[in-house]
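My questions concern the predicted model and sequence given below.
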Amino acid sequence: MPPIMEDFGFFLSRTFASTHAKMPNWPYVPGTYFVSDPEAPVAVCTLGSVDLAPAIAADPPAGLCITGKVETENIGIEKIIKNVISNNAIRFLLCVGNEPPKHLTGATMVALFENGIDENNRISGSPGMRPVLPNTKTTEVEAFRRQIEPVLMVGCTNVAKIHDKIRELAARAPDPVAVKFAPPAGMVEAETVDHVIATGEDPQRIKLDKTGYFVINIKAGAILVEHYSYKEKLLRVIEGTDARSIYLTLVRNGWISKLDHAAYIGKELTKAELSMKHGFPFLQDGG
């Protein structure tokens, strides 16, 4: 079965893509995943190696259930826990790829299996920056630890070797029981969280930023940002090669005073950076 990429964004959703006739609404928790066979026993986590996940899932071996990255030692691990315990077919978690610096999700996963979480929902013994699972119950963690055998190949990015390990694990998987897909307990709690529908701003009600406005251009491989007063006087020109350094410079110097203006400039600078990288024309929007 060819893999299907599930890219749900950050927040929980009630609508999910189906990849199998017998698979109702799984994975339940949003993220970027490649589902190969929802009834297979091996889940693969590529840690911080983002490009490795689609490579593994491109020609999936028998036994591969789902593949995805996990770059954070908190929310990322929570998503793994909840999606695994909501599918009892998964029996192995194979961790491959390179550790994300500072977050150290592979080492944190090891600590989770060895120690669980404490009374503050902190993963005991984790070397990560903030290994806390605020949206996960102790009962969910314990169910995860009982269900899964962790298999570590941290640092391995060789797709052929990873595929071989998946086949090996699948061959010694316990005899399958009836596969059940059940929303994790956290889904019920998530339904009580405010779900806000995004809306645009009426152009007639927009208040101008008192610090002035910006005109963005690209020249000779650089982004040039002209800062004007509302009397059309050019105040300064900011030059950079990436969106982040420019918008941080604008914010740090107090040249933007409104959040909506900052968001707009960030969007336009990102467009400009992408246009330089990929060669498409850049045209600054008016709003």
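Yep, it's here. Numbering: from 1, shown residues only.

can you give me the strands in the stretch 51-200 of the chain?
Secondary structure of the stretch 51-200 of the chain, counting by DSSP state E, counting those that start in this stretch: strands at 64-68, 92-97, 149-154.

Name the helix or strand for the nearest residue to residue 83 once chain neighbours are set aside, please.
Closest residue to residue 83 apart from its sequence neighbours, by Cβ to Cβ, 6 or more residues apart in numbering: residue 27 at 4.4 Å. Where you see a C-beta, it was placed from the backbone N, CA and C, and this is true even at glycine. Taking DSSP states H and E as the definition, one finds residue 27 inside no helix or strand.

and residue 27, how far is that from residue 140?
When Cβ to Cβ, to the nearest Å is the yardstick, residue 27 and residue 140 sit 15 Å from each other.

more neighbours, the two?
For residue 27 against residue 140, the residue with the higher neighbour count under other Cβ atoms under 10 Å is residue 27, and the figures read 25 against 21.

how close does that one get to residue 199?
The gap separating residue 27 from residue 199 is 29 Å, by Cβ to Cβ.

And for the residue nearest to residue 136 when sequence neighbours are not counted, the neighbour number?
Leaving out its chain neighbours, the residue that sits closest to residue 136 by Cβ to Cβ, 6+ apart is residue 78, at 4.9 Å. Each residue near residue 78 was counted by other Cβ under 10 Å, and the total is 23.

related to what we said a few turns ago, including mean neighbour count, could the strands of the stretch 51-200 of the chain go into CSV?
Rendered in CSV, the data for those read as follows (neighbours: other Cβ atoms under 10 Å):
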stretch, mean neighbour count
strand 64-68, 27
strand 92-97, 24
strand 149-154, 16
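
can I get those strands in TSV with mean pLDDT and distance to residue 267?
Converted to TSV, the strands of the stretch 51-200 of the chain look like this (pLDDT from 0 to 100; distance: least, Cβ to Cβ, whole Å):
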stretch	mean pLDDT	distance to residue 267
strand 64-68	97	27
strand 92-97	98	31
strand 149-154	97	36
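
need these in TSV with distance to residue 255, can you?
Listed next are those as TSV, based on distance: least, Cβ to Cβ, whole Å:
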stretch	distance to residue 255
strand 64-68	39
strand 92-97	40
strand 149-154	44
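
mind checking which of these is nearest residue 56?
When those are ranked by proximity to residue 56, the top entry is strand 64-68, at 5.0 Å, counting by Cβ to Cβ.

just checking, what packs against the closest one?
Packed against strand 64-68 by the contact rule (3 or more Cβ pairs under 8 Å, 6 or more residues apart in numbering; DSSP states H and E) you find strand 32-35, strand 42-45, helix 52-58.

Would you mind finding the most buried of those?
Comparing the helices and strands packed on strand 64-68 by mean neighbour count (mean count of other Cβ atoms under 10 Å), strand 42-45 comes out on top with a mean of 26.

Which neighbours in the sheet does that one have, and how are they oriented?
According to DSSP bridges, the neighbouring strands of strand 42-45, each with its direction, are strand 64-68 (parallel), strand 92-97 (parallel).

Turn those strands into TSV, including distance to residue 182.
As requested, the strands paired with strand 42-45 are arranged in TSV below (distance: least, Cβ to Cβ, whole Å):
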stretch	distance to residue 182
strand 64-68	16
strand 92-97	19
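
Among the ones you listed, which comes closest to residue 112?
When those are compared for distance to residue 112 using Cβ to Cβ, the nearest one is strand 92-97, at 10.3 Å.

And the contacts of that closest one?
Surrounding strand 92-97, the residues in contact under the criterion Cβ atoms under 8 Å, 6 or more residues apart in numbering are 41-49, 52, 56, 69, 80, 84, 106, 109, 148-157, 162, 165-166, 169, 173.

what does the model give residue 102 for pLDDT?
Per-residue confidence (pLDDT) for residue 102: 92.

Same check on residue 256?
Looking at residue 256, its pLDDT reads 95.

Look up how far residue 263 lies from it.
Following Cβ to Cβ, the distance that separates residue 256 from residue 263 is 10 Å.

Tell me which of these two has more neighbours.
Neighbours were tallied for residue 256 and for residue 263 using other Cβ under 10 Å; the higher tally belongs to residue 256 (21 against 12).

these two touch, right, that one and residue 262?
Yes - using Cβ atoms under 8 Å, residue 256 makes contact with residue 262 at a distance of 4.8 Å.

Right, I'll call it a day here.
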